[in-house]
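> 3D, please:
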Amino acid sequence: DVLVHAPAAPDPLVRQALCRASRTFFRRTRAWMEWLDANATQAGTGREYDFKLPSQSELLRVERATVGGRPMKVKSYRDRSSDWATNPKGDRALVTRDLVTFVLTGDFGAGELVQVQASLIPKRNATGIPDHLADRYLEPIAEGAKSILFMTPDTPYFKPDLAAVANQAFEQAIAMHGVDVYRGHTSSVPRAQVKWC
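Residues are numbered from 1 along each chain as shown. As a prediction, this is how the structure comes out:
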């Protein structure tokens, strides 16, 4: 879908453009969302755990977490009034600073199962994305890759006008799929819950 429009483009450059377009698409739509494999807790407080990510992916955002199937708070490290690693007291919550590891605050027993729902993007050197995502989002990602390739100067496929057209199609697809993802691929619109003081 990309090489037919830029047949002279070298394969590594096409793959790089596809990866960059995929990262942009999934970053802006958050269409790649999964429940990660559960982590079994160790007894005590302030323990650090690794996120169990699918291969060739990186964490974009922690959406929610559960412990034993019950909702658990996900807190921003910026909102903590003290260092959560050395002062992990308080209510049970998940805190991450680097999107690679997380710390559990509050007291946990050994063997409790903590599971995270996360928005993901492909790594910078990823060679692909899961088939179900590629099948669904092939066309917009190809448009994004074409817009990148067509802006490569001093090449026979340098076509700024076509790059603008491809980029416009890419941006429209991001907007359309972003709304679809927000609705959870249903016709209903999520509504905020009223919280009384």
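
> Number of residues surrounding H177?
20 (other C-beta atoms under 10 Å). Yep, even glycine has a C-beta here, placed from its N, CA and C like the rest.

> Make sure it is actually in contact with R28.
No - taking contact to mean C-beta atoms under 8 Å, the distance of 9.1 Å between H177 and R28 leaves them out of contact.

> Could I get the contacting residues of the most centrally placed residue in the chain?
In the chain, the residue lying closest to the centroid (C-alpha atoms, centre = their mean) is L120, at 2.3 Å. Each residue near L120 by C-beta atoms under 8 Å, 6 or more residues apart in numbering is listed here: F26, W32, M33, E34, L53, P54, S57, E58, L59, L60.

> Mind giving me the PyMOL select for those, buried ones only?
Buried residues within those, as defined by 16 or more other C-beta atoms under 10 Å, are selected in PyMOL through the command that follows:
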select buried, resi 26+32+33+53+57+58+59+60
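
> Just give me the neighbour total for A43.
Other residues within reach of A43, judged by other C-beta under 10 Å, total 11.

> er, R78 actually
Tallying neighbours of R78 according to other C-beta under 10 Å, which is how burial is gauged here, yields 7.

> if I look at it, how far off is A118?
As judged by C-beta to C-beta, to the nearest Å, R78 and A118 stand 19 Å apart.

> Wasn't the residue nearest to the centre of the chain part of a strand?
Yes - the assignment for L120 by DSSP: H, G, I helix; E, B strand; the rest coil puts it in a strand.

> heads up, I number from 24, so please use that
Got it, the first residue is 24 from now on, which makes the last one we talked about L143.

> for the closest residue to F181 other than its chain neighbours, phi and psi?
In space, F181 comes closest to T175 once its chain neighbours are excluded; the distance is 5.9 Å by C-beta to C-beta, 6 or more residues apart in numbering. The phi/psi pair for T175 (degrees, to the nearest 10) reads phi -80, psi 110.

> Contact partners for T175?
With contact taken as C-beta under 8 Å, 6+ apart, T175 is in contact with A32, L36, F181.

> And it, how close does it get to R147?
18 Å.

> P33 now?
Looking at P33 against R147, where the rule is C-beta to C-beta, the gap reads 18 Å.

> for Y180, same thing?
Note on Y180: its distance to R147, by C-beta to C-beta, is 23 Å.

> Out of the contacts of L143, which is nearest to V118?
Checking those against V118 with C-beta to C-beta, the nearest one is L82 at 13.7 Å.
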